[in-house]
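J.: give the three-dimensional model of this entry:
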Amino acid sequence: MRHEFELDGVFINPELPEDFNCTPHEQRDDEMNWWWGKPYIIISELSLESWEEFYYRLKDDASMKEYLLKHNKETWNKQLEEDRKSWFKEYPTGFKYTVRCLDGGAWDRSTKYGDYASFEEAMDAAKNISTND
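T.: Okay, here's the model as predicted:
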């Protein structure tokens, strides 16, 4: 089992077992159950596809044909800019810190305790989980 690193009992960007967030608790093996009650933080950056990446990924998807016909590179780029502004308004540093813990809050995945704009806020939230096990 490998973890990016652990800080004050909170795991940061852990490498979770395959299917970790889609396995009913009663079907979890020892590797998955090891995570029970251990809070962790996932750090995310904004990742936006270009029009070309989006188009080529979905051009053969029948359910997307109408969408692709109504939109073009210009409308896509306008949406990307709106998405970028929204992201940075919510997460000014460019990073989102998501706090989660496998604790039974959901039947088949870890519980999401929130998204935070700073590492310090996320650590405070994660430490609060670990003290309330």
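
J.: list the helices and strands the least confident helix or strand in the chain by mean pLDDT packs on?
T.: Here the helix or strand of the chain ranked lowest by mean pLDDT, DSSP states H and E is helix 65-70, holding a mean of 84. When contacts are defined as 3 or more Cβ pairs under 8 Å, 6 or more residues apart in numbering; DSSP states H and E, helix 65-70 packs onto helix 51-58. Bear in mind the C-beta positions are built from the backbone N, C-alpha and C, glycine included.

J.: again, only using 6 Å
T.: Where contact means 3 or more Cβ pairs under 6 Å, 6 or more residues apart in numbering; DSSP states H and E, helix 65-70 is not packed against any helix or strand.

J.: buried residues of the helix or strand just after it, list them for me.
T.: Downstream of helix 65-70, the next assigned helix or strand under DSSP states H and E is helix 73-90. Using 16 or more other Cβ atoms under 10 Å as the test for burial, helix 73-90 gives W76, L80, W87.

J.: so which of those is the closest to Q27?
T.: For the buried residues of helix 73-90, the minimum distance to Q27 (Cβ to Cβ) is 35.4 Å, reached by W87.

J.: the spatially closest residue to that closest one that is not a sequence neighbour and C22: what is the separation?
T.: Excluding the flanking residues, the one nearest W87 by Cβ to Cβ, 6 or more residues apart in numbering is L46, at 4.6 Å. In this structure, L46 and C22 are 25 Å apart, going by Cβ to Cβ, to the nearest Å.

J.: which one of those two is surrounded by more residues?
T.: L46 (14 against 8; other Cβ atoms under 10 Å).

J.: what separation do you get for that one and F88?
T.: Relative to F88, L46 is positioned 8 Å away (Cβ to Cβ).

J.: how does the chain divide up, domain by domain?
T.: Per automatic domain parsing, the structural domains of the chain span 5-46+92-131, 51-90.
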